[in-house]
Each structure stands twice: as structure tokens, then as C-alpha cells.
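# Have a look at this prediction, sequence included:
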Amino acid sequence: MPVPQLLVPVVDLIFPPRCPLCGGGIGSQSGLCPQCWSTLSVPGDPACALCSRPFGDTMPDGGICAPCFAQPPRHAGIAAATLYDEPSRKLVLALKHGRRLALAGMMARLIAARLNGVDETWLFVPVPLHRWRLWKRGYNQAAELARELVRISGGQLVVDGLERRKPTPSLGGLGKLARKRALSGAIRVNPRRAGRLKGASVVLVDDVLTSGATSNACVAQLRRAGAKRVVIACFARVLDEALDHT
Ligand SMILES: [Zn+2]
Ligand SMILES: [Zn+2]
């Protein structure tokens, strides 16, 4: 829930707005200071026609990156607000471990700026947390971003479109096969939402896109349930998914 406008001065009085990256004073609870804005890395052009992976200067626009070439993606594109580095990592951690009300809106605005052609018919589905983790943390940061994205871009939130049926270990450091095994059967479409997802255009929302193993499992399940297309939207994208295809 956004802080009601009337309350903002009181909140600001008790918690003077601070930049979540450097701690410097800022004008409102929902942004970064000007210096920190300029440290965010935004994926540039030219980029892969299928997944928007930036090529640097090495490829002409319209080309396809090596991972997409090796294995054509089942998603219909990746909209990433930033590339994963120190500043975006700090924001992701701050969203995960506190200050989410102030940050989710700002992070979602940056994601929305990269999402093209999404209208009110699209469904926004967050990458699910297992209920134990949800219970421990109290909220799913991907769902918070999805909620804000819906507010900005006018789609519909299906917060429980996907469910995680078993807790999965951290996938970091696992090889492609091990990740696949860890995720096998872990994520499925919520049977109560299957009717809504059939034939739908879906935005799958996550805070960080790392190996792509989790999002690929989500996309596969959504497509299996009949989703017409699935676009992945994330705040920070790690650019070593090439590892996924080795
Ligand atoms: Zn700052
Ligand atoms: Zn690609």
C-alpha cells in the first residue's frame, strides 16, 4: 500500500528521506539522489532481438545472441530495468529486507520504462516464493514489484498465478543440470488460475534474473497452461546466462 499523501510529512519527519544507496538526504521517500541515479547501469543498444541482451558495439541491431541461438527462448522478450552490479544489487537487497514501500514504486517505474506494448489485457504474475519463505519474510518482493507495475502500466495482477510447491535451495553455483533438477516439479501454475492464464499475454515479474533457470521454469509452466506469450520483466539482469548453455 502506498503511504497516503497526508501522512508523508509525518513520515518524513520521523524518517527523513535518505537515498537507499548512499544514505544522503533526498527530497522524497521514493527515489535516489542524483549522483546515485547516474550509477545505475541500463541495458543499452544494440541488443539481441530475442532477449535484449546488450551486445556492446560488437553486433548490429537485429542480431541474436549466442545463448538464444543455441536454444531459442520460450519467452517473448526480457525487459530489464538495470544490469546487475553493485548499485542495483544494493537496491534489490533493500527491497528484500526492508524499505519496500519506498523502493518498489521507484524500481517498478524503471522496469515499466522498458516494457513495450503492454496494455490492460496483460496479466502480471510474480515468480513465486515457497510459503515457508513467504512466511519468514512476510512478503514476496517480486509480487510487490508486480503490484506496482500493474498500477503503472494498467494490466491485471494475478499474484498467485504460479506457485512454488517445494522449497528450492539457492541455485547459485549449481550447473545447468543441477539447477534443472533442483527446480523440477517445484513450480506450477495454480490450478485455480489456469482458466485465466489460458490464451493470455503474461508479464512474469522478478527482482533479479540470474541464470534464467527459475524464470525458464516459470515460462515453461505458463506456456504449458496455454499462455499465448510470456515476457519476462525484472529489475536487475545478470549477464552470465551464457553459462546456462554450456
Ligand atoms: Zn545516493
Ligand atoms: Zn538473446
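That came in fine, so what should we check first? Residues are numbered from 1 along each chain as shown. Ligands and ions are numbered 1, 2, ... in the order given.
# Surely Thr39 is within a helix?
No: read with DSSP: H, G, I helix; E, B strand; the rest coil, Thr39 is coil and lies in no helix.
# All further residue positions should be reported with the first residue as 24.
I'll keep to 24 as the first residue from here, and by that count the last item is Thr62.
# sec struct for the residue nearest to it when sequence neighbours are not counted, please.
Excluding its sequence neighbours, the residue lying closest to Thr62 (C-beta to C-beta, 6 or more residues apart in numbering) is Pro110, at 4.5 Å. (Each C-beta comes from the backbone N, C-alpha and C, glycine too.) Under three-state DSSP, Pro110 falls in the helix class.
# correct me, but Pro110 touches Ser61?
No: the criterion here is C-beta atoms under 8 Å, and Pro110 misses it with Ser61 at 9.6 Å.
# which sections of this protein are below the confidence cut-off?
Where the chain drops to pLDDT under 70, the residues are 24-39, 52-53, 80-85, 122-125, 264-269.
# ok, the residue nearest to Trp60 when sequence neighbours are not counted to ligand 1 distance?
Closest residue to Trp60 apart from its sequence neighbours, by C-beta to C-beta, 6+ apart: Gly54 at 7.9 Å. Per C-beta to the ion, to the nearest Å, Gly54 is found 9 Å from ligand 1.
# Surely Gly54 is within a strand?
No: in this structure, Gly54 is coil, not part of a strand, as judged by three-state DSSP.
# what's near enough to touch it?
Cys42, Trp60, Met129 (C-beta atoms under 8 Å, 6 or more residues apart in numbering).
# The first one against Ser51, yeah?
No: judged on C-beta under 8 Å, Cys42 makes no contact with Ser51 at a distance of 10.8 Å.
# Between these two, which is the more surrounded one?
Cys42 (16 against 10; other C-beta atoms under 10 Å).
# Contacts only, for the nearest residue to that one once chain neighbours are set aside.
In space, and not counting its chain neighbours, Cys42 is closest to Cys56: 4.0 Å by C-beta to C-beta, 6+ apart. Residues near Cys56 by C-beta under 8 Å, 6+ apart: Cys42, Leu44, Cys45, Gly47, Gly48, Ile49.
# and what of Ile49?
Residues near Ile49 by C-beta under 8 Å, 6+ apart: Pro40, Arg41, Cys42, Leu55, Cys56.
# isn't the fourth one right up against Leu44?
Yes: counting by C-beta under 8 Å, Leu55 sits close enough to Leu44 to count as a contact (5.8 Å).
# Can you give me the neighbour number for Leu262?
15.
# ok, Gly196 to ligand 1 distance?
From Gly196 over to ligand 1 (counting by C-beta to the ion), the distance is 31 Å.
# And the contacts of Cys56, which two are furthest apart?
Pairwise distances across the contacts of Cys56 (C-beta to C-beta) peak at 12.7 Å, for the pair Leu44 and Gly48.
# The two: which has the busier surroundings?
Higher neighbour count among Leu44 and Gly48: Leu44, with 19 against 10, using other C-beta under 10 Å.
# re the thing from before, just want to know which of Pro110 and Ser61 has more residues nearby.
Remark: of Pro110 and Ser61, Pro110 carries more neighbours, 21 against 9, as counted by other C-beta under 10 Å.
# What residues does that one make contact with?
Going by C-beta under 8 Å, 6+ apart, the list of residues near Pro110 reads Leu44, Cys59, Thr62, Leu63, Ser64.
# Need those in a markdown table (columns: distance to ligand 1).
Formatted as a markdown table, those follow (distance: C-beta to the ion, whole Å):
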| residue | distance to ligand 1 |
| --- | --- |
| Leu44 | 4 |
| Cys59 | 3 |
| Thr62 | 8 |
| Leu63 | 11 |
| Ser64 | 15 |
